[in-house]
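**Q** Pasting a predicted model and its sequence here:
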Amino acid sequence: MTAICSNPKRAEISMINSRIHRINHKIDFIVGDLSHIKNKHADIVFLNPQNTFTGYIPSKKLKQQPNSTFSLFKHFKPDLLSAVTQSFKISQRIALKLPWYTDLNEVAELFYLALTEL
């Protein structure tokens, strides 16, 4: 298994957790982004943009705003579309962890746009 994390502190936490659970010998950790695994294939790509993207708005702040639906296109910076498009180059299976209040129509649009960019 290869784990890629763009945040060095979160990558270190993941490494520590893998040692605690005695699975560190099964995981190769890369601190960086998806561009570090060009020409590779993965069975599945798991994206957790809440922990990576700087524009993420926690639910408490978003609920204070009118029409408190989370927008994939407004609330994630840098662009989530490029991450999903890059993921499709590595695997046909993508898991995306999103806030429960995400606009599901935008999830469908995100994946449609990512597939059309290939």
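**A** Nice, I can see it.
**Q** mind listing what the most centrally placed residue in the chain touches?
**A** What sits nearest the mean C-alpha location of the chain, by C-alpha atoms, centre = their mean, is Leu47, with 2.5 Å. Contacts for Leu47 (C-beta atoms under 8 Å, 6 or more residues apart in numbering) come out as Ala83, Val84, Ser87, Ile94, Ala95, Leu96, Lys97. C-betas here are computed from N, CA, C, even on glycine.
**Q** ok, the second one - contacts?
**A** By C-beta under 8 Å, 6+ apart, the residues touching Val84 are Leu47, Ile94, Leu96, Leu110, Phe111, Ala114.
**Q** what element comes up after the helix or strand harbouring it heading to the C-terminus?
**A** According to DSSP states H and E, Val84 maps onto helix 80-88. For helix 80-88, the following helix or strand on the C-terminal side (DSSP H and E) is strand 94-96.
**Q** could you say what helices and strands that following strand packs with?
**A** strand 45-47, helix 80-88 (3 or more C-beta pairs under 8 Å, 6 or more residues apart in numbering; DSSP states H and E).
**Q** follow-up on the earlier one: can you pick the most crowded of the contacts of Val84?
**A** Leu110 (22 neighbours; other C-beta atoms under 10 Å).
**Q** ok, for that residue, nearest residue in space, not its chain neighbours?
**A** In space, Leu110 comes closest to Leu72 once its chain neighbours are excluded; the distance is 5.4 Å by C-beta to C-beta, 6 or more residues apart in numbering.
**Q** I figured that neighbour was touching Leu80, is that so?
**A** Yes: using C-beta atoms under 8 Å, Leu72 is in contact with Leu80, at 5.6 Å.
**Q** Pull up the overlap in contacts between those two.
**A** Common neighbours of Leu72 and Leu80 (C-beta under 8 Å, 6+ apart) are Leu110.
**Q** List just the nearest of the contacts of Val84 to Thr2.
**A** Leu47 (13.9 Å; C-beta to C-beta).
**Q** Pull up the gap between that closest one and Asn24, please.
**A** Separation of Leu47 from Asn24 (C-beta to C-beta, to the nearest Å): 22 Å.
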